[in-house]
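1. predicted model, plus sequence, below.
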Amino acid sequence: MKASFFDIDGTLINGFLITEFSRYLFKKGIFDKKLLAEIENWIKLYKEDKATYRKIVLEIPKIYSKNIKGLKERDVKNEARKFVKLYLKKIVQPYTIYLVKLMKNYGMTIGISGSPIEVVGFVGKVFNFDLAYGSEFEIKNEVYTGKMKRKFITKEMKDVALKKIIRQNKIDLNKSFGFGDTEQDMSILSKVKYPIALNPNKNLLKIVKGKGWMIFNSNDNVAEVLKNSSLVD
């Protein structure tokens, strides 16, 4: 089975789903102001090169999980559906829909994000992914406990999950693509035949320098380039 693996945050959308969803929940009166300020501060530190990408993707889900503690699963899912419907088109990269559609014609499409599965699941439906994976937060008696259950955040965490995904779906990595924007995406970029850096941060650029990988930024028409190549035949 040929496949295309897509990191979502920063690669297919501008920013982080978990951050945008937290802002949305705050506007709805569901997210605590102080907790949102903590998330915003981590984003600020990252943009100022005062915090690594790895650090913020470990810390922000912890803050998010504190806020949803005690909330009902159905309520969060309902808000996630509304959020995706109202806001996704505002944060999606200009090439995303065309790119995902192109790669779906090539083979299986798989979306992966460290953001909450409640949001990622609806994003996956919009993008028409065959599979979509996001971080899961523990639920007991239909209520969030404030703990994480399964993470798709760091390279090590993604490594474990990806091995299972590849095995279960009998994916041929020698015929597969990977799209990512940070060093944490190396878990898949380093394994596939066709790794593509989309909107790469400086750490990923350092890693891929000299490797001959395809590199694109948000203003580049990556889908058109791939369509006109012989790679997706």
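-> Great, that's in hand. Residues are numbered from 1 along each chain as shown.
2. in this structure, spot the helix with the most residues.
-> Taking DSSP state H as the criterion, the chain has its longest helix at helix 73-91.
3. in that one, what's buried?
-> 73, 76-77, 79-80, 83-84, 87-88 (16 or more other CB atoms under 10 Å). Every C-beta, even on glycine, is put in place using the N, C-alpha and C of the backbone.
4. ok, so of those, who is nearest Gly10?
-> Taking CB to CB as the measure, Leu88 is the one of the buried residues of helix 73-91 closest to Gly10, at 14.7 Å.
5. enumerate every residue touching that closest one.
-> Applying CB atoms under 8 Å, 6 or more residues apart in numbering to Leu88 gives the contacts 13, 123, 126.
6. I'd like to know which elements whichever strand or helix holds the last one is packed against.
-> When you say that, I think you mean Val126. In the assignment (DSSP states H and E), Val126 maps to helix 117-127. Under the contact criterion of 3 or more CB pairs under 8 Å, 6 or more residues apart in numbering; DSSP states H and E, helix 117-127 touches helix 17-27, helix 73-91, helix 96-106, strand 108-116, strand 131-140.
7. which other residues reach it?
-> Residues from elsewhere that reach helix 117-127, judged by CB under 8 Å, 6+ apart: 8, 12-13, 17-18, 21, 76-77, 80-81, 83-85, 88, 96-97, 100, 109, 111, 113, 131-136.
8. got the buried residues for that helix?
-> Using 16+ other CB under 10 Å as the burial criterion, the residues of helix 117-127 that qualify are 117-124, 127.
9. check stretch 215-223 too.
-> Here stretch 215-223 shows 215-216, 222-223 as buried, counting by 16+ other CB under 10 Å.
10. just say helix, strand or coil for Phe5.
-> State at Phe5, reduced to three classes by DSSP: H, G, I helix; E, B strand; the rest coil: strand.
11. who does it bridge with?
-> Ile110, Gly178 (DSSP bridges).
12. contacting residues for the closest residue to Asn174 other than its chain neighbours?
-> Counting by CB to CB, 6 or more residues apart in numbering, the nearest residue to Asn174 once its immediate chain neighbours are dropped is Lys193, at 5.0 Å. Residues near Lys193 by CB under 8 Å, 6+ apart: 173-177.
13. any idea how far Lys193 is from Trp213?
-> Per CB to CB, to the nearest Å, Lys193 is found 11 Å from Trp213.
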